[in-house]
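**Q** Pasted the sequence and its predicted model underneath.
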Amino acid sequence: MLTFEQIKAIENALGPEAAKPVVEAIQTTDSRVMGSLLAEVATKADVANLEIRMVDRFGAMDSRLARLENMVKVLIGLTALAIAFFSPVAEKLLGGLK
């Protein structure tokens, strides 16, 4: 939007009658540009909704990571058992414990 001083400067430069369409065109353009800019700006509600979605997704990711950690622990345990049952060296070590 044009300020009062800017409108007076345009009127002084062009004359009051010639300045009218110029000022109206600038103000119309300003309002259209501002309207389109405001349509692209995120509101507080948009940010709050985004935060809720992110919290939900991070919660889901945390639970998936916890499951993966448990799976890795089980696989490590199964690997250790497989080595203990099928390795000749482990058999000798276990035999030496008797």
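**A** Yes, it's here.
**Q** quick one: buried residues of the helix or strand hosting Leu37?
**A** Leu37 belongs to helix 16-40 when assigned by DSSP states H and E. Applying a neighbour-count criterion of 16 or more other C-beta atoms under 10 Å, one finds Ala19, Val23 buried in helix 16-40. Using the backbone N, CA and C atoms, a C-beta is placed for each residue, glycine as well.
**Q** what's it packed up against?
**A** Applying 3 or more C-beta pairs under 8 Å, 6 or more residues apart in numbering; DSSP states H and E, we find helix 16-40 packed against helix 4-14.
**Q** tell me the average confidence for stretch 3-20?
**A** Average pLDDT, stretch 3-20: 87.
**Q** which stretches of the chain have low pLDDT?
**A** 98 (pLDDT under 70).
**Q** can you point me to the longest helix in it?
**A** helix 44-86 (DSSP state H).
**Q** Toward the C-terminus from that helix, list the very next helix or strand.
**A** Downstream of helix 44-86, the first helix or strand assigned by DSSP H and E is helix 88-96.
**Q** That next one to helix 44-86, inter-axis angle?
**A** Here the directions of helix 88-96 and helix 44-86 differ by 70 degrees (axes from the mean of the first three to the mean of the last three C-alpha atoms, to 10 degrees).
**Q** what comes into contact with helix 88-96?
**A** Here helix 88-96 makes contact (C-beta atoms under 8 Å, 6 or more residues apart in numbering) with Ile83, Ala84.
**Q** With just CA atoms, put that helix into PDB.
**A** What follows is helix 88-96, C-alpha atoms only, in PDB (Å, rounded to 0.1, in the frame of the first residue of the first chain):
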ATOM      1  CA  PRO A  88      34.600 -77.400  16.500                       C
ATOM      2  CA  VAL A  89      36.600 -74.900  18.500                       C
ATOM      3  CA  ALA A  90      33.500 -74.100  20.700                       C
ATOM      4  CA  GLU A  91      33.000 -77.800  21.100                       C
ATOM      5  CA  LYS A  92      36.500 -78.300  22.400                       C
ATOM      6  CA  LEU A  93      36.100 -75.300  24.700                       C
ATOM      7  CA  LEU A  94      32.800 -76.600  26.100                       C
ATOM      8  CA  GLY A  95      34.400 -80.100  26.400                       C
ATOM      9  CA  GLY A  96      37.200 -78.700  28.400                       C
END
